[in-house]
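K.L.:
With the input below, show me the fold.
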Amino acid sequence: MSQYDYDLLVIGSGPGGQRAAIQAAKLGKRAVIVERKPVVGGTWINTGTIPSKTLREAVIYLSGYRLREIYGRSYSVKQDISMSDLLVRTDHVVRHELDVTRHQLQRNRVKLITAEASFIDANTVNLAGVVDGGHRTVTADKIVVGTGTIATRGPDISFDGKRILASDDIPKLDFIPKSMAVVGAGVIGTEYGSMFAALGVRVTLIDKRERLLDFIDTEIVDTLVYHLRENRVTLRLGEEVTAIEAIDTDHGEQVRIHLASGKKLTTEQALYSIGRTGATQKLNLEAVGLKTDDRGRMIVNEHYQTKVPNIYAVGDVIGFPSLASTSMEQGRLAARHAFGVGGEGFPELFPYGIYTIPEISFVGKTEQELTEAGVPYEVGKARYREIARGQIIGDSSGLLKLVFRHGSGELLGVHIIGEGASELVHIGQAVLAFGGNVDYFVDTVFNYPTLAEGYKIAAFDGINRMGSAHDTISVRRMDEGASD
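P.N.:
Numbering: from 1, shown residues only. This is a model prediction of the structure:
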């Protein structure tokens with residue numbers, strides 16, 4: 001019999017924690033998850049990933065956004081859309097995901113305890129009852145921290161959840177404003193800003209950085225900026241916010257935002273979205289000699305181990321890349337390493353999905369990265385307006401872009417903006433993972449009409465751009481491309 005109550009104790013029931021516990025259970029270990037909230041899933045299911053993406057889908061459908069190219073900008077499925085209209089769909093999906101998650105844990109015999117966890121020592125955790133306020137301790141051989149993050153809130157800002165919001169407040173809104181300022185144009189801020197803009201809200205995006213989403217391919221971002229401006233979004237880049245205050249005006253309660261440049265903006269709502277902070281404040285990490293960085297994030301090695309060998313951390317609480325998909329893989333790999341089971345390292349090639357309107361997804365290298373590294377490359381592009389499926393679905397401005405090594409045609413990156421981008425990118429991801437090149441797309445037959453056909457068009461476009469008989473890609477294929 002083990003000297004511990006459990007083989008693995010996971011703190012937090014988000015995607016990383018769940019996958020770690022289930023992996024341990026599949027290895028025949030006694031696994032338990034401690035979750036401080038009465039529902040499982042953490043931010044992932046309850047206030048972040050699932051609610052925001054479902055809200056986005058409801059916005060796109062009810063606003064008629066996808067069909068405006070065909071039926072005109074005034075088209076909408078429902079007039080006078082309310083927040084309750086949007087949240088009906090969100091609530092349904094959240095309930096379903098909660099049920100699926102609980103069933104997965106039950107099926108794998110992972111125990112779930114509702115309590116606030118904090119360290120006593122490296123193998124002992126104090127559990128404070130959320131409901132009854134009682135305390136007890138449990139022990140575990142291995143411990144995984146997967147507490148995720150919370151929205152960063154400025155100390156001098158009076159958040160009320162109605163006029164001045166953090167991103168976690170959005171699923172609880174009870175009305176759609178006429179105007180909104182988004183402070184912080186990172187992924188979350190830009191996603192929500194584009195959603196509200198699609199509903200007709202006058203949105204202002206404010207960020208200290210000079211460029212929007214600077215880790216994404218420049219051409220893709222330029223396309224997004226064009227769409228945002230078409231939806232009446234005002235971009236205030238290179239601007240710093242000095243104060244946010246709720247005010248009473250002749251038009252009712254509003255929010256005034258002061259910028260360092262002297263500008264003052266007045267809107268109905270302000271969304272403060274300058275990033276997220278690791279949810280580690282209540283873990284009592286000092287008891288085991290662990291520290292966090294200045295954003296509350298835990299420090300781990302390539303196996304997700306902290307400097308205390310039996311304590312691991314996964315998911316958003318360790319920072320980049322902070323995606324639900326990567327968190328799941330981190331949890332799985334951490335559990336396997338904890339119990340001495342071999343497993344391949346974390347894949348270098350993982351896709352990003354940015355759920356703005358329109359959506360963006362990419363995998364691999366950008367043009368900027370290759371230029372800085374001195375790698376010769378060429379690009380091939382396919383615009384949705386060139387693809388029959390793009391015309392059918394009413395998306396004539398989407399773009400699929402391939403980046404490949406000049407000469408050999410080795411695929412180096414795939415960048416997409418437009419309908420279905422986060423699904424389409426996986427075709428390119430697979431080719432990248434197996435070291436393929438643009439020949440694959442030229443020689444493959446895609447269903448017609450589909451957006452996936454864009455890969456073939458982009459490949460031909462790129463081959464034509466190289467335009468040299470000395471390249472390893474055949475002249476025959478260049479001639480074929482010329483007729484496309």
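K.L.:
what's the spacing between the spatially most central residue of the chain and V187?
P.N.:
For the chain, the residue nearest the mean C-alpha position is L323 (5.1 Å; Cα atoms, centre = their mean). To V187, L323 is 10 Å away according to Cβ to Cβ, to the nearest Å. For every residue, glycine as well, the C-beta is placed using N, CA and C.
K.L.:
just H258 next, same as before
P.N.:
Noted for H258: a distance of 25 Å to V187, by Cβ to Cβ.
K.L.:
Looking only at neighbour counts, state which of those two leads.
P.N.:
Between H258 and V187, counted using other Cβ atoms under 10 Å, the more crowded position is V187 (21 against 15).
K.L.:
That one contacts F215, correct?
P.N.:
No: shown here, V187 and F215 do not form a contact pair, counting by Cβ atoms under 8 Å, at 9.3 Å.
K.L.:
got a list of what G342 touches?
P.N.:
R336 (Cβ atoms under 8 Å, 6 or more residues apart in numbering).
K.L.:
SS state for it?
P.N.:
coil (DSSP: H, G, I helix; E, B strand; the rest coil).
K.L.:
buried stuff in stretch 56-75?
P.N.:
For stretch 56-75, the neighbour count (16 or more other Cβ atoms under 10 Å) marks R56, A58, V59, I60, Y61, L62, S63, G64, Y65, R66, L67, E69 as buried.
K.L.:
show me the contacts for the closest residue to P449 other than its chain neighbours.
P.N.:
Excluding its sequence neighbours, the residue lying closest to P449 (Cβ to Cβ, 6 or more residues apart in numbering) is A388, at 3.8 Å. For A388, the contacting residues are Y448, P449, E453, by Cβ under 8 Å, 6+ apart.
K.L.:
nearest to H415, of the residues you listed?
P.N.:
E453 (17.2 Å; Cβ to Cβ).
K.L.:
Once you drop chain neighbours, what's closest to the closest one?
P.N.:
F446 (4.6 Å).
K.L.:
name the element that neighbour belongs to?
P.N.:
For F446, there is no enclosing helix or strand under DSSP states H and E.
K.L.:
Count the neighbours of it for me.
P.N.:
For F446, the count of nearby residues is 15 (other Cβ under 10 Å).
K.L.:
that older thread, from the buried residues of stretch 56-75, which two are the most distant?
P.N.:
Most distant of these, by Cβ to Cβ, are A58 and E69, 19.8 Å apart.
K.L.:
buried residues in stretch 446-462?
P.N.:
Per 16+ other Cβ under 10 Å, stretch 446-462 contains these buried residues: 450-462.
K.L.:
Output it as PDB - backbone C-alpha positions only.
P.N.:
In PDB, the C-alpha atoms belonging to stretch 446-462 read as follows (Å, rounded to 0.1, in the frame of the first residue of the first chain):
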ATOM      1  CA  PHE A 446      -9.300  18.200 -53.000                       C
ATOM      2  CA  ASN A 447     -13.000  18.000 -52.800                       C
ATOM      3  CA  TYR A 448     -14.700  20.700 -55.000                       C
ATOM      4  CA  PRO A 449     -16.100  23.200 -54.100                       C
ATOM      5  CA  THR A 450     -14.200  23.500 -50.800                       C
ATOM      6  CA  LEU A 451     -12.100  26.100 -49.100                       C
ATOM      7  CA  ALA A 452      -9.300  23.400 -48.800                       C
ATOM      8  CA  GLU A 453      -8.900  23.800 -52.600                       C
ATOM      9  CA  GLY A 454      -7.100  27.100 -51.700                       C
ATOM     10  CA  TYR A 455      -4.000  25.000 -50.800                       C
ATOM     11  CA  LYS A 456      -3.700  23.900 -54.400                       C
ATOM     12  CA  ILE A 457      -4.200  27.400 -55.700                       C
ATOM     13  CA  ALA A 458      -1.700  28.900 -53.300                       C
ATOM     14  CA  ALA A 459       0.800  26.200 -54.200                       C
ATOM     15  CA  PHE A 460       0.600  27.000 -57.900                       C
ATOM     16  CA  ASP A 461       0.800  30.700 -57.100                       C
ATOM     17  CA  GLY A 462       4.000  30.200 -55.200                       C
END
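K.L.:
Distance from the chain centre to it, please.
P.N.:
Distance of stretch 446-462 from the chain centroid (Cα atoms, centre = their mean, to the nearest Å) equals 26 Å.
K.L.:
I'd like the average pLDDT over it.
P.N.:
On average, the pLDDT along stretch 446-462 is 96.
K.L.:
Identify all contacting residues around that stretch.
P.N.:
Outside stretch 446-462, the residues touching it (Cβ under 8 Å, 6+ apart) are 378-382, 384, 386-390, 392, 398, 400-402, 404, 409, 418-420, 424, 427-428, 438-439, 441-442, 444, 477, 480-481, 484.
K.L.:
In the stretch 251-400 of the chain, where is pLDDT below threshold?
P.N.:
346 (pLDDT under 70).
K.L.:
what about the strands in it?
P.N.:
Counting by DSSP state E, counting those that start in this stretch, residue ranges of the strands within the stretch 251-400 of the chain are 252-259, 264-267, 269-272, 276-278, 311-313, 352-354, 360-364, 377-383, 399-405.
K.L.:
so of these, which one's packed in deepest?
P.N.:
Counting by mean count of other Cβ atoms under 10 Å, strand 311-313 has the highest mean neighbour count of these, with a mean of 28.
K.L.:
And the contacts of it?
P.N.:
In contact with strand 311-313 (Cβ under 8 Å, 6+ apart) are residues 20, 122, 142-146, 288, 290, 298, 300, 303-306, 334, 337-338.
K.L.:
how about 6 Å then?
P.N.:
I143, V144, V145, M298, V300, Y304, Q305, T306, A334 (Cβ atoms under 6 Å, 6 or more residues apart in numbering).
K.L.:
For the third one, the count of nearby residues, please.
P.N.:
Meaning V145. Neighbours of V145 using other Cβ under 10 Å come to 32.
K.L.:
so it sits right up against I11, yeah?
P.N.:
Yes: applying Cβ atoms under 6 Å, one finds V145 in contact with I11, separated by 5.1 Å.
K.L.:
which helices and strands does the lengthiest helix in the chain pack with?
P.N.:
For the chain, the helix with the greatest residue count under DSSP state H is helix 83-107. Applying 3 or more Cβ pairs under 6 Å, 6 or more residues apart in numbering; DSSP states H and E, one finds that helix 83-107 makes contact with helix 49-63.
K.L.:
so how far is the helix it packs on off the chain centroid?
P.N.:
The chain centroid and the centroid of helix 49-63 are separated by 14 Å under Cα atoms, centre = their mean.
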